[in-house]
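S.K.: Starting from these lines, generate the structure:
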Amino acid sequence: MNNKRGALLLIDDEKLIHMVVKAMLDDVAESIDSAYNGLEALDMMAKKDYDGIVSDINMPLMSGLKMLEEMRVREIRIPVIILTSYSDKTNMLQALRLGAVDFLEKPFEAEKLALSVRSTLDMGLALKKCDEELNQIYQENGVPEAAGDSIKRIFNSSRYLRKSMQLGLKK
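M.R.: This is a model prediction of the structure:
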C-alpha cells in the first residue's frame, strides 16, 4: 500500500537539512521540492501547486516569518510547518498567528516530523478538495466570483485560527 501523498515544498538555507529531511520524508510525500529562502519559495509557489510546506525561520533574503506574511498578503493558502533551531516562544506565536499549522524545534525526531507532515499534507489536500467543491456549488448556484472569493477568505482564516489554537493547546 502506498502511503505517499501530496507535493511538499522544503525551505531551508542549509543543504544538509534538505538532504536529511528529504531522507526522513521519502515515504511520506509524493514529491519534495527544495527552496533555499522565502523569496525563492514564493516564486516556486506561484509556479506549482503545493499541498504542504516545511520551512525554516532564519534564512537570508527572506525569513520564514516574512514569507508567511507575504503568503497571507498574496492569499496563498498552503499549510506550513515551521522549523527552527531556536526555542523562541515569540517566533512560535508569531508563526502560528500568521497561519503556520505546526512549529518544530531542531533537532527533531524523524517520526514526529513525518507525523506532522502527513497531517499537513492531508490538510492541504482537504483544502483543495473543499475549494473545488465550493467552486462547483458557486457555479451551480450562480454565486458571483467576488462573493465566492470573500466567502473562501472568511472560511480559510477562521479554519487556520482554530487549527492554530488547537496546536497551541497541545504544547
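
S.K.: Measure how far stretch 63-78 is from the centre of its chain, please.
M.R.: 10 Å (CA atoms, centre = their mean, to the nearest Å).

S.K.: now do stretch 37-54
M.R.: The answer for stretch 37-54 is 9 Å, by CA atoms, centre = their mean.

S.K.: for stretch 32-41, same thing?
M.R.: 12 Å.

S.K.: Show me the helices in the protein, by range?
M.R.: 15-24, 38-47, 64-73, 89-97, 110-141, 145-170 (DSSP state H).

S.K.: and the ones you listed, which is most packed in?
M.R.: helix 64-73 (a mean of 19; mean count of other CB atoms under 10 Å). The C-beta positions use only the backbone N, C-alpha and C, and glycine is treated the same way.

S.K.: In terms of secondary structure, what does it contact?
M.R.: helix 38-47, strand 52-56, strand 80-84, helix 89-97 (3 or more CB pairs under 8 Å, 6 or more residues apart in numbering; DSSP states H and E).

S.K.: circling back to that earlier point, out of the helices of the chain, name the one with the poorest average pLDDT.
M.R.: Note on the helices of the chain: helix 145-170 shows the lowest mean pLDDT, a mean of 54.

S.K.: re the thing from before, distance to residue 5 added to the helices of the chain, as TSV?
M.R.: Formatted as TSV, the helices of the chain follow (distance: least, CB to CB, whole Å):
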stretch	distance to residue 5
helix 15-24	16
helix 38-47	19
helix 64-73	22
helix 89-97	24
helix 110-141	5
helix 145-170	19
